[in-house]
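**Q** Please work out how this folds:
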Amino acid sequence: MANYYDMTSFNIEIKNQEFIHDLTTIIYAYDEDIVFAPKWFQDVFYQENFPEPEPLGIDYSIENDMLWIRAEEYFNISIFANIVRVALKHYNLNDCVCFEVSHSCSKMYIDQFGGSGVFITKDNVEIFSTSDWVRSKKEAHRLSPYKK
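**A** Predicted coordinates:
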């Protein structure tokens, strides 16, 4: 049996301390019980039909006025990204949060390694998969009239 891993380590360098405080509170609440989240997030949680809370798979701490996020085995990328998006929107911040995640496997299976890139603003979440990129390049090459 193989084990699959998502690993990441990045800083959120937004200086708005209320944003950082609420974000850490929401992360805690998502892992424990949504009632611990700020009231504004609880409202958004139900309005936007967030998935039922489950562990996000991350550790976090404040380091040098930045929020350091890290994961060594599992990381729920899409839920975390949407939490950040709604927090940016709540505070009307025009900043962005970007990070990368590596995907690996304990067995040398084909197609079980790669990564993701994530770009978050208050209006949008974009998640880029290296596997999707490779497949799209391969398909574009296959369809290219210029290949020899």
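**Q** For burial, what's the neighbour tally of Y46?
**A** Neighbourhood size, Y46 [other CB atoms under 10 Å]: 10. C-betas here are computed from N, CA, C, even on glycine.
**Q** Helix, strand, or coil at it?
**A** helix (DSSP: H, G, I helix; E, B strand; the rest coil).
**Q** Helices of the chain, start to end?
**A** Counting by DSSP state H, the chain has these helices, from start to end: 17-31, 39-47, 77-90, 130-143.
**Q** starting at the chain centroid, how far to the last one?
**A** Taking CA atoms, centre = their mean, to the nearest Å, one finds the center of helix 130-143 at 24 Å from the center of the full chain.
**Q** Would you mind writing the CA trace of that helix as CSV?
**A** The C-alpha trace of helix 130-143 is given here as CSV (Å, rounded to 0.1, in the frame of the first residue of the first chain):
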residue,chain,number,x,y,z
THR,A,130,2.0,20.4,-12.9
SER,A,131,0.3,17.2,-14.1
ASP,A,132,-2.4,19.2,-15.9
TRP,A,133,0.3,21.4,-17.4
VAL,A,134,2.3,18.4,-18.7
ARG,A,135,-0.8,16.8,-20.1
SER,A,136,-1.9,20.1,-21.9
LYS,A,137,1.6,20.5,-23.4
LYS,A,138,1.7,16.9,-24.6
GLU,A,139,-1.8,17.3,-26.2
ALA,A,140,-0.8,20.6,-27.8
HIS,A,141,2.3,19.0,-29.2
ARG,A,142,0.3,16.0,-30.5
LEU,A,143,-2.1,18.5,-32.3
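**Q** who touches that helix?
**A** Outside helix 130-143, the residues within contact range by CB atoms under 8 Å, 6 or more residues apart in numbering are D111, G114, G115, S116, K147.
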